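Asker: give me coordinates for this.
(one chain, ligands or ions: 1)
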Amino acid sequence: MKKAAVIMGSDSDAPVVSAAVDRLKSFGIPVEVRIISAHRTPGVASEFASAAAESGFGVIIAAAGKAAHLAGFIAAHTTLPVIGLPMKSSFMDGLDSLLSVVQMPTGVPVATVGVGAAENAGILAAQILALSDDALAAKLAEFKADMTRKVMEKDEAFGGKLD
Ligand code: RP5
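Answerer: Sure, this is the predicted structure:
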């Protein structure tokens, strides 16, 4: 199976980003986690992204906040799918990060999840890898069926209380 890369602009992102790593691991996906910054370590970011496909990665999650250029910078250096994870910031609650990640110019897309939506980033990465992995696709189908069961149980327990 191809690996997933999870990179983040700062170690301060780690408490949120860990949910993406946990979700990927729950599906048995090999994950490598790095702290790489588009602004503070641009050379490392460029080298990492340029070598990512050859290194066995099938998808990259890039988390960053504020002027969050990491996902776009990585996407500029690879044809692998890049998922941008905007981090909540102190100034605009993450709207600055979201717009920095999602508003990519034509030709260099970044698949962007919600602000701080690390688990969704992990699930989307798994769905991308599952395109070429039937066993992983089966695990995802079970994950969704389980989610459906849980909501139906809640509906049952709720019993139309607000009717
Ligand atoms: C971004 O700036 C990081 O991804 C982080 O979300 C934010 C703040 O970084 P630190 O100043 O906490 O290292 O590059």
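
Asker: can you give me the mean pLDDT across the longest strand seen in the chain?
Answerer: Selection of the longest strand in the chain by residue count, based on DSSP state E, yields strand 57-65. Mean pLDDT, strand 57-65: 98.

Asker: separation between the residue positioned nearest the centre of the chain and the ligand?
Answerer: Centroid-nearest residue in the chain: Ala121, 2.9 Å away (criterion: Cα atoms, centre = their mean). Distance from Ala121 to the ligand, counting by Cβ to the nearest ligand atom, to the nearest Å: 14 Å. For every residue, glycine as well, the C-beta is placed using N, CA and C.

Asker: work out for me the element that residue sits within.
Answerer: When elements are assigned from DSSP states H and E, Ala121 belongs to helix 118-130.

Asker: now do the helix or strand just after that helix and helix 118-130, the angle between them.
Answerer: Using DSSP H and E, the helix or strand that directly follows helix 118-130 along the chain is helix 134-158. Orientation of helix 134-158 against helix 118-130 (axes from the mean of the first three to the mean of the last three Cα atoms, to 10 degrees) gives an angle of 140 degrees.

Asker: go through helix 134-158 and flag the buried ones.
Answerer: Buried residues in helix 134-158, counted by 16 or more other Cβ atoms under 10 Å: 136, 139-140.

Asker: the ligand contacts on the protein?
Answerer: Contact residues (Cβ under 6 Å from any ligand atom) of the chain with the ligand: 8-10, 12-13, 37, 64-66, 87.

Asker: can you do 5 Å?
Answerer: Taking Cβ under 5 Å from any ligand atom as the contact definition, the chain meets the ligand at 9-10, 12-13, 64-66, 87.
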